[in-house]
Structure formats: structure tokens, C-alpha cells
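> Take this sequence and fold it.
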Amino acid sequence: MKQADVSADESSRLADVLLSSLETLVATGHADAACRLAGQACAALRLSNPGVWRRFNVFLHRVTSRMP
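Numbers count the residues shown, from 1 in each chain. Predicted structure coming up:
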């Protein structure tokens, strides 16, 4: 397996963990904090990893659409 493939796989698994954590924050009434953290992830990943950025962006849109 190439180094780039390993890095992409690791990034995807790390994103899984982080998104799961953000979902837990939302479920426990901390949607604002989850959105702030997801926004920071989006900013960090926007240019370097568009695929993972998209996952955090989808999370943000889904959560904010349910907020008052």
C-alpha cells in the first residue's frame, strides 16, 4: 500500500471518530459546541482534504438545519 493511500485511510478513520464525537455532543445538548468544532475542522481541511472536508460540511448543514 502506498503512503498516500495509508494517509487517506487514516484521515478517513480519524474523521469517523471526530464526527462520532460531534454527534455525541449534539445528542447531549451541545450542538453549538459541536458546530464550532466542525467549523474548525472544515477550515483546516478545506484545501488539503476536500473529501473529508465535505463530511464535516454535511454535518454542519444537517445540525444547523435542526437548530432554532
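
> Let me know the next secondary structure element after the helix or strand that contains A44.
Using DSSP states H and E, A44 falls within helix 31-45. With elements assigned by DSSP H and E, the helix or strand that comes after helix 31-45 is helix 50-66.

> Return the list of helices and strands in contact with that next one.
helix 3-27, helix 31-45 (3 or more C-beta pairs under 8 Å, 6 or more residues apart in numbering; DSSP states H and E). To be clear about C-beta, it is placed using only N, CA and C from the backbone, and glycine gets the same treatment.

> now what about it, what contacts it?
Helix 50-66 has contacts (C-beta atoms under 8 Å, 6 or more residues apart in numbering) with 11-12, 15, 19, 22-23, 26, 31, 34-35, 38-39, 41-42, 45-46.

> can you check stretch 26-41 too?
By C-beta under 8 Å, 6+ apart, the surrounding residues in contact with stretch 26-41 are L18, L22, E23, L25, W53, F56, F59, L60, V63, T64, R66, M67.

> Repeat the analysis, applying 7 Å as the threshold.
Stretch 26-41 is contacted from outside by L18, L22, L25, F56, F59, L60, V63, T64, M67, using C-beta atoms under 7 Å, 6 or more residues apart in numbering.

> Would you mark the buried spots in it?
For stretch 26-41, the neighbour count (16 or more other C-beta atoms under 10 Å) marks V26, A31, A34, C35, L37, A38, A41 as buried.

> now the residues you listed as JSON lines including distance to S7 and pLDDT?
Listed next are those as JSON lines, based on distance: C-beta to C-beta, whole Å; pLDDT from 0 to 100:
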{"residue": "V26", "distance to S7": "28", "pLDDT": "98"}
{"residue": "A31", "distance to S7": "31", "pLDDT": "97"}
{"residue": "A34", "distance to S7": "26", "pLDDT": "98"}
{"residue": "C35", "distance to S7": "27", "pLDDT": "97"}
{"residue": "L37", "distance to S7": "22", "pLDDT": "98"}
{"residue": "A38", "distance to S7": "21", "pLDDT": "97"}
{"residue": "A41", "distance to S7": "17", "pLDDT": "95"}
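
> Alright, I will stop here.
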